[in-house]
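Engineer: Dropping the sequence and predicted coords here.
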Amino acid sequence: MTPAAAQAVLDLALRDQPGMEGGFWRADVGVVAYAFPTYDGTGIKRDPPSAELERIASTAQRAQDCAGLVADVRPGLREAVAFAACPVATDDRRLIAWTLLRVPLLAAGTVNTLILAVSLLLALVVVCGAWLGWMLARWQRQSAHLREQLAQSERLATLGRVCAGLAHEIRNPLGTMRMKAENAMAAPADRREARVVGALEAVLSQTARLEALVSSLLALTQPLRAERQAVDLRGWLKTQRNAHAEAAQKHGVRITLAVEPQLSDIAMGLALFDPTQMARVFDNLLLNAMAHTGECGEIELGAHRTRRGALLLWVADDGCGIPADMRDTLFEPFATTREGGTGLGLALVREIVQGHGGRVGLAESAKGTRIEMELPWPES
């Protein structure tokens, strides 16, 4: 078949097939004839689509190999391209006829609209992201400023409470000494000597109270260095009990021990805590417990190991308990309900326990007060 005859055959076969183009292909030559009679462009299209030549050749080759009809589809966003090829029934068995049809999926205007919409959406996301980033940075700056103001307010509030408590603790002894001195000076001559002696005794007593206050304040301000040592817990708690046995007897109070069995054997050889510092803790807690426990009352010193592996120590009494309005500020400086108390003992307790890496708090108790201290248990 001559090229002119092949061209004429293609024009006749495809002129009633809108959008379809086709041709003949041979392996040793490639496309030997091509026609697109329904081409809607200007002029007559005689050159095969270069973008599809590779797919045309592969489809035609497969048709030649299987000696039958082969169809293929190349999907796309805007259009799908359908290919078909089959051998031509002529003396030249190497000649393959092929066709190509483009099937629109989305109109160009629709695709452009979608691209524009996606672009606008992405631009909106970028703008929103930038705005959110700016707002987040602004909120962070405001939050940092508020935290700084809050910390400053807390410092000022703490300073105010400390100053108010300190002024109260100093004013009371001074007022007592002044009243005693004024009474002594105003006393009749026959009673003046006795009044002067009483006033001097009051001065000594109140001076000792002020000295104790200053010592407690200094203890709070000095850095705490916990020198951990191996402690026989049961023996150590017995020592704390014996140190206050005489005072407990005068108050009519009994001090008992509640130590987990074998806890001392487990603890031996382990640096649990600083026994001297923790003795100060128990001194303060025992003095408070005896002051709030009535006659025939009981104070319990205890120790056991928690499920988390920490050491739990406690001092519990069956006294009058802590008023509800003081529970939140119990360990703050100058928080006290005891007559003559400085309110610094429990603050010192908190500092020492925290210096050991532990925590102290008021535990729930059916009766009286129970102060618990949780200390880390060292690795063996």
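Structural biologist: Happy to help now that I have it.
Engineer: What segments of the stretch 201-350 of the chain are strands?
Structural biologist: Applying DSSP state E, counting those that start in this stretch to the stretch 201-350 of the chain gives strands spanning 229-230, 254-259, 271-273, 298-305, 311-317.
Engineer: who does the last one touch, helix- and strand-wise?
Structural biologist: The contact analysis (3 or more CB pairs under 8 Å, 6 or more residues apart in numbering; DSSP states H and E) places strand 311-317 against helix 275-292, strand 298-305, strand 369-375. Any C-beta I mention is one placed from the backbone N, CA and C, and that applies to glycine too.
Engineer: Any idea what E79 is bridged to?
Structural biologist: P104 (DSSP bridges).
Engineer: residue contacts, it?
Structural biologist: R102, V103, P104, L105 (CB atoms under 8 Å, 6 or more residues apart in numbering).
Engineer: need those in TSV with distance to G309, neighbour count and pLDDT, can you?
Structural biologist: Formatted as TSV, these follow (distance: CB to CB, whole Å; neighbours: other CB atoms under 10 Å; pLDDT from 0 to 100):
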residue	distance to G309	neighbour count	pLDDT
R102	76	17	89
V103	74	12	86
P104	74	12	82
L105	68	13	78
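Engineer: Out of these, which is nearest to A187?
Structural biologist: Distances from A187 to the contacts of E79, taken as CB to CB, are shortest for L105 (116.2 Å).
Engineer: For L348, find the nearest of the helices and strands packed on strand 311-317.
Structural biologist: Short answer: helix 275-292, nearest of these by CB to CB, at 6.3 Å.
Engineer: what angle separates the closest one from strand 369-375?
Structural biologist: 170 degrees (axes from the mean of the first three to the mean of the last three CA atoms, to 10 degrees).
Engineer: Does anything pack onto helix 275-292? Which helices or strands?
Structural biologist: Counting by 3+ CB pairs under 8 Å, 6+ apart, helix 275-292 packs on helix 233-243, helix 245-251, strand 298-305, strand 311-317, helix 345-355, strand 369-375.
Engineer: Ok, which of those comes nearest L146?
Structural biologist: helix 345-355 (26.5 Å).
Engineer: burial measure for V281, as a count.
Structural biologist: By other CB atoms under 10 Å, 26 other residues sit near V281.
Engineer: With A63 instead?
Structural biologist: A63, neighbours per other CB under 10 Å, totals 23.
Engineer: Could you do the one 10 residues further on as well?
Structural biologist: With neighbours defined by other CB under 10 Å, the count for V73 comes to 13.
Engineer: mind checking the SS state of it?
Structural biologist: Secondary structure state of V73, per DSSP: H, G, I helix; E, B strand; the rest coil, is strand.
Engineer: ok, the closest residue to it other than its chain neighbours to Q152 distance?
Structural biologist: Residue nearest to V73 in three dimensions, not counting chain neighbours: A82, with 5.2 Å by CB to CB, 6 or more residues apart in numbering. To Q152, A82 is 77 Å away according to CB to CB, to the nearest Å.
Engineer: between those two, which one's more packed in?
Structural biologist: Neighbour count, other CB under 10 Å: between A82 and Q152, A82 has more, with 14 against 10.
Engineer: phi, psi of the more buried one?
Structural biologist: When read as degrees, to the nearest 10, the backbone of A82 gives phi -100, psi 130.
Engineer: close enough to count as contact, it and P104?
Structural biologist: No. Shown here, A82 and P104 do not form a contact pair, counting by CB atoms under 8 Å, at 12.0 Å.
Engineer: residue contacts, V281?
Structural biologist: L348, V349, I352, V353, M373.
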